[in-house]
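J.: I would like the atomic coordinates for the input below:
(2 chains)
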Amino acid sequence: MNMPLYAQMMKSHLQTMASYAFGSAFYILLMFWIYPSMATQSENLNALLESMPPGLSRAFGLENGFGSVDAFISGEYYGLLFVLILSIFSVMTSTQLMARLVDQGAMAYLLSAPTTRVKVALTQAIVLLTGLLIITAVTTLAGYGGYAWFIGDLNDFNSSNFLLLNVGALLLFFAVCGISFFISAVSNDEKRALGISGIVVFGLFSLNLVGKISEKLSWMQHISLFSLFNPAGIVKGTVNWGPTCGILLGAGLAGFAAGMMLFKKRSLLL
Amino acid sequence: MLTVSHVTKVFPGGKGIYDVSFTVEQGEVFGFLGPNGAGKSTTIRHIMGFMKPEKGFVQIKGYDTWKDQGRFQKLIGYLPGEIAFMEGMTGKSFLDFMATLRGGVNEQRRAELVERLQFDDRTPIRKMSKGMKQKVGIVAALMHEPEVVILDEPTSGLDPLMQKVFIELVLEEKAKGTTFLMSSHSFPEIERTCDRAAIIKDGKIIAVKNIHELQAVQRKLFEVTFEHEADRDAFLASGLKIDSYKDKQVRVAVQGDYNRFAQETAKYRIRSIDVFSQNLEDIFMDYYDRGGRE
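T.: Numbering: from 1, shown residues only, chains lettered A, B, ... in the order given. Below is the predicted model of the structure:
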């Protein structure tokens, strides 16, 4: 890891990271804000949910209904919006951190300084993960804030479920960042990296969604990493954390390691 | 100091560099000449360790530039051919960043370079003209007082005054014992600074020559305008190699033998003399032609 590079990269990316984090925090606050008005209608809403095809509510993580605040948040926020925000963040930021520097040629300056390619790539990976951590942490804090502000005493909050939701999302996006970082590290062209990374990440995301909606296509979700983050399951307590953590951490580490190794070995058009 | 040994890299489509070899001694300014697309930048990418040679190797002071990443860079300063900086930086913040990344930069030297190249380092880089960016790049390549400086087309974008300042800088550094390798597609640029030059064409080194030898083969066209047309006719009969003539103007081709040209012209009243240097491509061709005949 190269500290001056890390400091410079954080300086130039912090603003974007903060935008994602505050966007996410704003949304989760919004969710906590509307929850009380939803809760008074929860019976009607649950009836409505039951009238929908089961696949649809499963796809968007709504099967726990609107009965409790963590069920509501898990479905409404962690089921879709937060995943989308973090997907966009991973694809965009990983592309900017590696492929853009190679494409534009600024990487030539970094590599002409006394450092190694592995150190440069590792630093960029840590910048990416720092961003992920900032967004998740701000969202988590906003969640606590939202509960205290709009719902009531924090002591009544089932915060372990809420924390686990965030840990689950963090793990999933560690893996997703690993994949998009890998694509970015082996690309010479920024647009191409962005395209491929976008197709892969949103492809996996869609596989999971389609697999959950349709019984016939349910096999699809099993080949998607996104199925390993199951907000409804986390709230119900039915998630088997061991293998989930293992697979997601493994996939992420493999992505980052392979990206660094190939970046070290390939010829760069700088 | 710098050895390029049998470096070969073939790109899909057959372009690339083939068996490129040359050495640059310590304290020498070595020119790397060739038309666009001849393989200059590809060779420099290998020297900088950005590309892995299919065959051969590049060594700087004993370090292999592909295998010894992280070690050889301490010795070198580098100016890329395509100037691209990271976004959202000013000249100053970029140089600050490069200084921390490199470590051990002499602040005084850096300030001196900024002053001599005359640019405002508070300007955001994206608002800089090409010449301004080039100046920032030159400061970044020289500020840490490296032992070996590799410059890819260093004077492109610089105005004639700044080209002169740049040449002075190179000569001063050379006097201190710094080794230079600079690529160019313009002979005059190389002529004023370099001791030796390699000429590359279609990915192959066709000659590594002392610069004076290249100067001798370079043909210059002098366009002499006479006061009187009668003088012109006398001049035409002098036996110099006449390229063309029109009214009071005569174009003379001179290759190496400047004395004779000066003596002949001095006999008449001259209104003006213009000089046209032969472009690099033609120097190569001349070089080839001569090589073929000998």
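
J.: what's in contact with stretch B:259-273?
T.: The contact list for stretch B:259-273, computed with Cβ atoms under 8 Å, 6 or more residues apart in numbering or on different chains, reads B:222-228, B:231, B:234-235, B:238, B:240, B:248, B:252, B:254. No exception for glycine: its C-beta is placed from N, CA and C like everyone else's.

J.: Now do stretch B:22-31: distance to the chain's middle.
T.: Computed by Cα atoms, centre = their mean, to the nearest Å, the chain-centroid distance of stretch B:22-31 equals 13 Å.

J.: Restrict it to CA atoms and write it as PDB.
T.: Provided in PDB are the C-alpha atoms of stretch B:22-31 (Å, rounded to 0.1, in the frame of the first residue of the first chain):
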ATOM      1  CA  PHE B  22      21.300   0.200 -28.200                       C
ATOM      2  CA  THR B  23      23.100   1.500 -25.100                       C
ATOM      3  CA  VAL B  24      23.300   4.900 -23.600                       C
ATOM      4  CA  GLU B  25      26.400   5.800 -21.600                       C
ATOM      5  CA  GLN B  26      26.400   7.800 -18.400                       C
ATOM      6  CA  GLY B  27      26.300  11.500 -19.000                       C
ATOM      7  CA  GLU B  28      25.300  11.100 -22.600                       C
ATOM      8  CA  VAL B  29      22.300  12.700 -24.300                       C
ATOM      9  CA  PHE B  30      20.900  10.100 -26.600                       C
ATOM     10  CA  GLY B  31      18.300  11.000 -29.300                       C
END
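
J.: which stretches of the chain form helices?
T.: Assuming you mean chain A. A:3-39, A:42-51, A:54-59, A:69-73, A:82-97, A:99-104, A:107-112, A:117-146, A:159-185, A:190-213, A:219-222, A:231-236, A:241-265 (DSSP state H).

J.: right idea, wrong chain: chain B
T.: With DSSP H as the criterion, chain B has helices spanning B:40-47, B:91-102, B:107-117, B:130-142, B:160-175, B:187-191, B:211-217, B:229-236, B:258-266, B:280-293.

J.: Out of the contacts of stretch B:259-273, flag the one nearest to A:Ala47.
T.: B:Glu223 (96.2 Å; Cβ to Cβ).

J.: Near the closest residue to the closest one other than its chain neighbours, how many other residues are there?
T.: Setting aside the residues directly before and after it, B:Glu223 is nearest to B:Asp274 in space (Cβ to Cβ, 6 or more residues apart in numbering or on different chains), at 4.3 Å. The number of residues packed near B:Asp274 is 11, by other Cβ atoms under 10 Å in any protein chain shown.

J.: Distance of B:Asp274 relative to chain A?
T.: Counting by Cβ to the nearest Cβ, to the nearest Å, the separation of B:Asp274 from chain A is 39 Å.

J.: my guess is that residue meets B:Lys220, correct?
T.: No. Between B:Asp274 and B:Lys220 there is no contact under Cβ atoms under 8 Å: 10.5 Å.

J.: Show me what counts as buried in stretch A:207-226.
T.: Neighbour counts over stretch A:207-226 (16 or more other Cβ atoms under 10 Å in any protein chain shown) mark A:207-213, A:220-221, A:224-226 as buried.

J.: okay, among the residues you listed, which ones form the most distant pair?
T.: The widest separation within the buried residues of stretch A:207-226 (Cβ to Cβ) is 17.9 Å, between A:Ile213 and A:Leu225.

J.: Near chain A, which residues of chain B are found?
T.: Chain B comes close to chain A at residues B:9, B:45, B:48-52, B:69-71, B:73-74, B:76-78, B:80, B:82-89, B:97-98, B:100-103, B:140, as judged by Cβ under 8 Å from any Cβ of the partner chain.

J.: Please check those residues and keep the buried ones.
T.: The buried subset of those (16+ other Cβ under 10 Å) comprises B:9, B:45, B:48-51, B:69-71, B:73-74, B:76-78, B:80, B:83-86, B:89, B:97-98, B:100-102, B:140.

J.: who's in contact with the residue of the stretch 51-200 of chain A found nearest chain B?
T.: Across the stretch 51-200 of chain A, the shortest distance to chain B (Cβ to the nearest Cβ) belongs to A:Gly105, at 3.5 Å. With contact set as Cβ under 8 Å, 6+ apart, A:Gly105 has these partners: A:270, B:80, B:82-84.
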